[in-house]
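Enquirer: give me a model of this one.
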Amino acid sequence: MKILFVVEHFPSFSETFVLNEVTGLLDLGHDVWIYAVGNPSAPVEHPDVEKYELKKRIIPNAQVPVSRLQRFVGVLKWLPSLLSKCGPAALHVFNPSRHGKKALNLGLFYSCIPLLRCDTDFDAIHCHFGDKGALALVWEQMGLISGPISTVFHAHELCRLSDEEGRRLYGPLIRSKTLLLPISQRWQERLISWGALPERTIVHHMGADLQKFECTSHVPPVDGPIRILTVARLVEQKGYEYAIRAIACLRTLTSRDLKYTIIGAGDGGGNLADSLRQLVNELKIADIVTFAGPQPQDKVRESIREANIFLLPSVTTTDGFQEGIPVALMEAMASGLPVVTTRHSGIPELVEDRVSGFLAEERAVAPLAEAMVGVIEDHALAGRIATAARAKVEAEFNLLSLNRRLGQILESEAEIVG
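Expert: Residues are numbered from 1 along each chain as shown. You can find the predicted model right below:
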């Protein structure tokens with residue numbers, strides 16, 4: 001099948017789930033193309049980008065010129081081609097009552113230009129995030145592209161919306177024939193409550209590549225430091241403040257040497273590195289905390305192999321933002337690394353407390369520290385949890401199985417349209 005991915009950024013350092021789907025579908029023999037509406041955002045390039053020669057599969061976007069004159073010149077240049085391709089429906093991109101600011105600032109018009117430069121007859125259009133599904137729906141209604149649309153909904157685009165806002169923002173997409181693929185049951189229920197058809201709203205998890213994460217023993221050594229690891233962006237929802245406080249608390253509960261490594265970078269407007277370093281200094285634990293910055297996937301896997309505990313105490317942010325089900329947790333669990341996390345969003349769909357990991361309430365520092373003590377002191381419990389964690393990921397969050405399932409879903413959609 002010829003499949004078009006519609007995403008915001010590609011490659012994106014913090015959205016390896018998109019990269020993993022792209023490469024997975026390529027491995028299955030599909031012809032995959034990527035249209036990234038925004039610019040690449042990866043400070044460190046993943047090896048798979050080069051391995052799969054993915055830059056050759058990216059449809060170059062068309063940025064809206066800053067100058068109003070240049071924008072107008074662009075309209076004069078490309079509007080005849082858009083009218084030739086779409087007929088009068090092309091003029092809908094200028095309709096502010098329908099498309100708001102995207103019509104007024106010509107963003108919607110410029111999003112069409114790359115699709116005038118390439119063959120737009122696809123067997124499937126697969127979108128990550130609801131706004132990209134809504135954009136693809138506009139293109140499809142104009143006649144600019146063809147092929148059934150599927151849209152993956154992640155947590156961040158749903159969690160801060162009221163029911164009224166959700167129905168208004170995603171109403172056209174929900175009422176269309178688009179297949180909706182929320183990443184957890186929690187968000188499936190939300191979309192259905194907004195009017196989505198249950199039979200067209202299917203949970204499709206993100207997953208971990210089990211071939212890259214071998215399950216090994218992470219039993220803490222009798223001698224030597226206990227190595228604790230967090231892999232996540234330096235943003236509020238990852239709960240770093242409470243992770244660091246839990247490490248400080250843990251230091252008072254055990255005589256063992258501790259080493260806490262943080263792998264991740266901040267993003268625009270959300271970089272907490274300075275405040276977190278200040279907190280580390282205030283708690284007098286700078287000697288055991290390392291900020292390693294962003295790292296490529298092979299370095300992340302090496303850090304996971306060397307760790308004894310994976311800590312990710314996700315929280316609902318002050319403005320209502322929530323996680324989905326963090327892939328980093330899946331990767332740690334696939335490696336047999338005991339995870340300590342929180343009852344947050346869809347995480348309990350992955351982690352069962354004291355069965356496949358440890359769950360604490362959000363912002364509960366002492367329980368996080370006590371759970372880590374349990375891993376350090378009860379090796380039998382840690383071993384049972386590691387085995388159950390790997391089994392859980394194998395059964396429900398196996399990237400290879402999920403990519404096969406996604407391919408089957410897209411093929412089924414193509415057959416229905418065909």
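Enquirer: where do the helices sit along the stretch 1-150 of the chain?
Expert: 16-27, 47-51, 68-86, 96-99, 101-104, 107-112, 130-142 (DSSP state H, counting those that start in this stretch).
Enquirer: what of the stretch 301-418 of the chain?
Expert: According to DSSP H, counting those that start in this stretch, the helices that the stretch 301-418 of the chain contains are 327-334, 365-377, 379-396, 399-417.
Enquirer: let's have those helices in a markdown table, adding mean pLDDT, mean neighbour count and distance to residue 275.
Expert: Where C-beta positions appear, they are placed from N, C-alpha and C, glycine not excepted. Output for those, formatted as a markdown table (pLDDT from 0 to 100; neighbours: other Cβ atoms under 10 Å; distance: least, Cβ to Cβ, whole Å):
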| stretch | mean pLDDT | mean neighbour count | distance to residue 275 |
| --- | --- | --- | --- |
| helix 327-334 | 96 | 27 | 21 |
| helix 365-377 | 97 | 20 | 17 |
| helix 379-396 | 95 | 18 | 32 |
| helix 399-417 | 94 | 17 | 34 |
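Enquirer: nearest to residue 302, out of the helices of the stretch 1-150 of the chain?
Expert: Closest to residue 302 of these is helix 47-51 (Cβ to Cβ; 13.4 Å).
Enquirer: report all helices and strands that that closest one contacts.
Expert: helix 16-27, helix 297-306 (3 or more Cβ pairs under 8 Å, 6 or more residues apart in numbering; DSSP states H and E).
Enquirer: and the ones you listed, which is most packed in?
Expert: Comparing those by mean neighbour count (mean count of other Cβ atoms under 10 Å), helix 16-27 comes out on top with a mean of 21.
Enquirer: send me that one as CSV with only the CA atoms.
Expert: What follows is helix 16-27 as a C-alpha-only set of coordinates in CSV (Å, rounded to 0.1, in the frame of the first residue of the first chain):
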residue,chain,number,x,y,z
THR,A,16,9.8,8.3,18.2
PHE,A,17,6.4,6.5,18.0
VAL,A,18,5.9,8.1,14.6
LEU,A,19,9.4,7.0,13.4
ASN,A,20,8.7,3.5,14.7
GLU,A,21,5.4,3.2,12.8
VAL,A,22,7.0,4.5,9.6
THR,A,23,9.9,2.1,9.7
GLY,A,24,7.6,-0.7,10.8
LEU,A,25,5.3,-0.3,7.9
LEU,A,26,8.3,0.0,5.5
ASP,A,27,9.6,-3.3,6.9
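Enquirer: now do that helix against helix 399-417: the angle between them, please.
Expert: 70 degrees (axes from the mean of the first three to the mean of the last three Cα atoms, to 10 degrees).
Enquirer: what angle do helix 16-27 and helix 327-334 make?
Expert: Computed by the same axes, to 10 degrees, the angle between helix 16-27 and helix 327-334 is 70 degrees.
Enquirer: with mean pLDDT added, can I get the helices of the stretch 1-150 of the chain in a markdown table?
Expert: Below are these laid out as a markdown table (pLDDT from 0 to 100):
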| stretch | mean pLDDT |
| --- | --- |
| helix 16-27 | 94 |
| helix 47-51 | 90 |
| helix 68-86 | 96 |
| helix 96-99 | 93 |
| helix 101-104 | 94 |
| helix 107-112 | 96 |
| helix 130-142 | 96 |
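Enquirer: please pull out the lowest mean pLDDT helix or strand from the chain.
Expert: Least confident helix or strand, the chain: helix 47-51 with a mean of 90, by mean pLDDT, DSSP states H and E.
Enquirer: got the contact list for that one?
Expert: 11, 19, 23, 42, 54, 55, 296, 297, 298 (Cβ atoms under 8 Å, 6 or more residues apart in numbering).
Enquirer: check stretch 160-171 too.
Expert: If you take Cβ under 8 Å, 6+ apart as the criterion, stretch 160-171 is touched by 130, 134, 158, 174, 190, 191, 193, 194, 195, 319, 320, 321.
Enquirer: show me which of those are buried.
Expert: 130, 134, 158, 174, 190, 191, 194, 321 (16 or more other Cβ atoms under 10 Å).
Enquirer: okay, now the unreliable bits of this protein?
Expert: 13-14, 40-45, 266-271, 418 (pLDDT under 70).
Enquirer: so residue 374 sits against residue 358, correct?
Expert: Yes - assessed by Cβ atoms under 8 Å, residue 374 is found in contact with residue 358 at 7.0 Å.
Enquirer: before we move on, the earlier item: now, the most widely separated pair of the contacts of stretch 160-171?
Expert: Most distant of these, by Cβ to Cβ, are 195 and 319, 25.2 Å apart.
Enquirer: any figure for the gap between the closest residue to residue 365 other than its chain neighbours and residue 277?
Expert: Nearest residue to residue 365 in three dimensions, chain neighbours excluded: residue 245, at 4.6 Å (Cβ to Cβ, 6 or more residues apart in numbering). According to Cβ to Cβ, to the nearest Å, residue 245 and residue 277 sit 14 Å apart.
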